[in-house]
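1. Generate coordinates for the sequence data below:
(one chain, ligands or ions: 1)
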Amino acid sequence: MLLEIYVRSFQDSDADGIGDLAGVTRRLDYLQWLGVDGIWLTPFYRSPMADFGYDVSDYEDVDPLFGTLQTFDELVAEAHRRGIRVIVDYVPNHTSDRHPWFIEARASRASAKRDWYIWRDAASDGSLPNNWLSLFGGPAWEWDERSGQYYLHTFLREQPDLNWRHPEVRAAMFEVARFWIRHGVDGFRIDVAGAVMKDPDLRDNPPNPNPDPTAAAFGDQWESQLHGHQFNHPDVDEVWREFRSFVDRYANREAVLIAEVSSRDLPAWVRYYGEQLDAIHLPFGFHLLHHRWRTDSPRPIVDAVEAAIPKGAWPNWVLGNHDQHRVASKAGREWARAAMVLLLTLRGTPMLYYGDELGMTDVPVPPERVRDPWERNVPGLGRDPARTPMPWEPGPTGGFCPPGVEPWLPMGPTGRGCDVATQMSDPTSMLSLTREVIRLRRLHPALALGSYRALDGTPPQVFAYLRELDGERLVVAINLSEEGHHCPLAGTGRVLVSSATDRSDSFSGGIGLRPVEALVARLED
Ligand code: TEU
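-> Numbering: from 1, shown residues only. Down below sits the predicted model:
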């Protein structure tokens, strides 16, 4: 079980209202108590913070806001001492415009690093080189006055895209991975892995014949085009295969590669595993991110993903991250509990977003406190509400930073039980439920490693599946409706854990599920 830590918001250790690496170290005991096997740390590298660390100006140093290389080494040592692995963010698609590489590249057209980035002349009529858009709004091209060309930026203009077709870029970025392997990391989460190779001729994007209204997360302008020339280009496959073999070599095959791949097209997504399973270990399983918990069953999605995954490959599931609305806001309190049971019992590695174990919801951010540049460019798409500080205890700063210090984003409402201390002492809390299911995963290999099979013959409102290994059979049954339902099950069994928390009953021939209840049961014959 992995946990994403948005470092800025986890724990402040130096009273500046911003979380940092020493803060994470301070909370490792909590993570161990929860049963976390590994943490993914969002970027803590030197950065002007135009995109809160996803604009890196030095890949091989820690930004003073977050600590030093030494604090990082201490964090790794302390995490490893507790059996917790450390996965770091790897941001290959773009640097900061203040990175020395870009400063050198933009200095003149003759610069040795010019082609490390993607430059184009204006079209003959003076217009943009092509119709590509920036995901954060507006065109993907920025005019550079001094050298008289445009450069490409898939994200902010402060995030110029690297040219991964240039062998020196590849070599330099691979060295970055080697640097962090030497510092003991256990893997990389690769940012926008699908964007690194563009169409070599930078052809115009075609219009999108079927704009998807549910993909509004990206904005209408973005949705008006197809982006195959910008994302998931076939040439990307070879990059990550090469990266995998590089990392395998220097990390003795011990490091995991997790890639951010936002394609909704399963065949395109599956490619990231590599034809011989020789590329990414875990392409992120974002398939349930846009799921409508209150109306739809997740079964068709889960079954489709299970069917698409190559033999021998391992799935991964995500319900939230620092770019998405909180699952408890999308699903509501009860469904969020059911969703947590689902996340932790599907076949595959679950990646939990910090605070979801408390049922944290989006926190409204007043206009004067907006920090996310995306919100400034395209109002309504901002990600601040899902990035607010972790509440460790009741009180105005929730133990995230000392009283009297203003956290970088507003704290959620405190005093309503949404904090670690309160939930730790409440056996019915979301935190207790989460911990209990994680504990079950460790206790029952069938839950962690077993096969998956959806059960037929249940009412449509009930999603039930079998996890089986070496003769042990566990059933997960989720009632997706607000009425009670009977879930037929052959044989006898016993409930191990339920989102309704107060049951451990035995059953025979089936089990009665309460409204929006999710449970795990062991079949006994
Ligand atoms: O995100 C890239 C990305 O495509 C998402 O932001 C996507 O737009 C979002 O999931 C839509 O719902 C990564 C990082 O996760 C993000 O925080 C960075 O801002 C971005 O890359 C640029 O590095």
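2. Check whether W374 really touches D384, as I assumed.
-> No: between W374 and D384 no contact is recorded; they are 9.2 Å apart, counting by CB atoms under 8 Å. C-beta coordinates here come from the backbone N, C-alpha and C atoms, glycine included.
3. Just give me the neighbour total for K311.
-> Neighbour count of K311, defined by other CB atoms under 10 Å: 5.
4. Doesn't it belong to a helix?
-> No: if the criterion is DSSP: H, G, I helix; E, B strand; the rest coil, then K311 is coil and not within a helix.
5. where's W240, which helix or strand?
-> Per DSSP states H and E, W240 falls inside helix 236-250.
6. ditto for F231
-> Short version, using DSSP H and E: F231 is in no helix or strand.
7. my guess is it meets G194, correct?
-> Yes: counting by CB under 8 Å, F231 does reach G194; the two are 4.6 Å apart.
8. shared neighbours, those two?
-> 262-263 (CB atoms under 8 Å, 6 or more residues apart in numbering).
9. more crowded one of the two?
-> Between F231 and G194, counting by other CB under 10 Å, G194 is the more crowded of the two (24 against 21).
10. Tell me the predicted confidence for the more buried one.
-> On pLDDT, G194 comes in at 97.
11. if I pick it, what's in contact with it?
-> Applying CB under 8 Å, 6+ apart, we find G194 in contact with 231-233, 236, 259-263, 272.
12. contacting residues around the nearest residue to G399 once chain neighbours are set aside?
-> Using CB to CB, 6 or more residues apart in numbering and skipping the chain neighbours, the partner closest in space to G399 is W392 (3.4 Å). By CB under 8 Å, 6+ apart, W392 lies in contact with 11, 27, 398-400, 419-421.
13. Below-threshold pLDDT in the stretch 201-350 of the chain: ranges please.
-> For the stretch 201-350 of the chain, the stretches with pLDDT under 70 are 214-217.
14. What residues does it have near the ligand?
-> 217-218, 260, 262, 322-324 (CB under 6 Å from any ligand atom).
15. Export the host helix or strand of A521 to PDB, keeping only CA atoms.
-> Assigning secondary structure by DSSP H and E places A521 in strand 518-523. Output of strand 518-523 as PDB, limited to C-alpha atoms (Å, rounded to 0.1, in the frame of the first residue of the first chain):
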ATOM      1  CA  ALA A 518     -18.700  -2.500   1.900                       C
ATOM      2  CA  LEU A 519     -17.400  -5.600   3.600                       C
ATOM      3  CA  VAL A 520     -14.700  -8.200   3.400                       C
ATOM      4  CA  ALA A 521     -15.600 -11.800   4.300                       C
ATOM      5  CA  ARG A 522     -13.800 -15.000   4.400                       C
ATOM      6  CA  LEU A 523     -15.400 -18.000   2.800                       C
END
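16. any idea how far Q461 is from S508?
-> From S508 across to Q461, the span is 22 Å (CB to CB, to the nearest Å).
17. A105: what's its closest spatial neighbour, skipping adjacent residues?
-> K113 (4.3 Å).
18. mind listing what the one you found touches?
-> Contacts of K113 by CB under 8 Å, 6+ apart are 101-102, 104-105.
19. which of the contacts of W392 come close to the ligand?
-> Okay, of those, nothing touches the ligand (CB under 6 Å from any ligand atom).
20. Ranking by neighbours, what's the top pick from the residues you listed?
-> Neighbour counts for the contacts of W392 peak at F400, which has 26 neighbours (criterion: other CB under 10 Å).
21. hang on, that residue is in a helix, isn't it?
-> No: read with three-state DSSP, F400 is coil and lies in no helix.
22. Show the contacting residues for the closest residue to it other than its chain neighbours.
-> Distances taken as CB to CB, 6+ apart put P389 closest to F400, at 3.9 Å, once the chain neighbours are dropped. With contacts defined as CB under 8 Å, 6+ apart, P389 is in contact with 9-10, 12, 19, 397-398, 400-401, 407-409, 411.
23. let's go with 7 Å and repeat that
-> Contacts for P389 (CB atoms under 7 Å, 6 or more residues apart in numbering) come out as 9, 398, 400, 407, 409, 411.
24. Farthest pair within those residues?
-> G398 and L409 (12.0 Å; CB to CB).
25. which ones are touching V495?
-> Contacts of V495 (CB under 7 Å, 6+ apart): 503-505, 519, 521.
26. Closest to the ligand out of the residues you listed?
-> Minimum separation from the ligand among the contacts of V495 (CB to the nearest ligand atom) is found for L519, which lies at 31.3 Å.
27. Quick check: closest non-adjacent residue to that closest one.
-> S498 (3.8 Å).
28. Pull the number of nearby residues for that neighbour.
-> S498 has 24 nearby residues by other CB under 10 Å.
29. got it, and L474?
-> That count, for L474 with other CB under 10 Å as the rule, works out to 22.
30. what do you get for the one 3 residues further on?
-> A477: 24 surrounding residues under other CB under 10 Å.
31. then the longest strand along the chain to PDB, C-alphas only?
-> Secondary structure of the chain read by DSSP state E shows that its longest strand is strand 485-498. Presented in PDB, the C-alpha positions along strand 485-498 are these (Å, rounded to 0.1, in the frame of the first residue of the first chain):
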ATOM      1  CA  HIS A 485     -29.600  -5.800  -0.300                       C
ATOM      2  CA  HIS A 486     -29.000  -9.500   0.000                       C
ATOM      3  CA  CYS A 487     -25.800 -10.800  -1.600                       C
ATOM      4  CA  PRO A 488     -26.000 -14.500  -2.400                       C
ATOM      5  CA  LEU A 489     -22.800 -16.400  -1.600                       C
ATOM      6  CA  ALA A 490     -22.300 -20.100  -1.900                       C
ATOM      7  CA  GLY A 491     -21.200 -21.800   1.400                       C
ATOM      8  CA  THR A 492     -20.500 -20.300   4.800                       C
ATOM      9  CA  GLY A 493     -18.300 -17.600   5.900                       C
ATOM     10  CA  ARG A 494     -17.500 -14.800   8.300                       C
ATOM     11  CA  VAL A 495     -17.300 -11.100   8.000                       C
ATOM     12  CA  LEU A 496     -13.700  -9.800   8.700                       C
ATOM     13  CA  VAL A 497     -14.300  -6.100   8.300                       C
ATOM     14  CA  SER A 498     -17.100  -3.900   7.300                       C
END
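32. angle of it against strand 518-523?
-> Relative orientation of strand 485-498 versus strand 518-523 (axes from the mean of the first three to the mean of the last three CA atoms, to 10 degrees): 80 degrees.
33. What values do phi and psi take at the residue of the chain found nearest the ligand?
-> The ligand sits closest to Y54 of the chain, with a gap of 3.3 Å, by CB to the nearest ligand atom. The phi/psi pair for Y54 (degrees, to the nearest 10) reads phi -80, psi 10.
34. ok, now how distant is R416 from D372?
-> Distance from R416 to D372, by CB to CB: 25 Å.
35. So for the two, which residue has more residues nearby?
-> D372 (21 against 10).
36. what's the domain layout of the protein?
-> The chain is divided into the following domains under automatic domain parsing: 2-93+167-433, 100-152, 450-523.
37. For those domains, could you give me CSV that also reports distance to L443?
-> Shown next, in CSV, are the domains of the chain (distance: least, CB to CB, whole Å):
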stretch, distance to L443
domain 2-93+167-433, 10
domain 100-152, 42
domain 450-523, 9
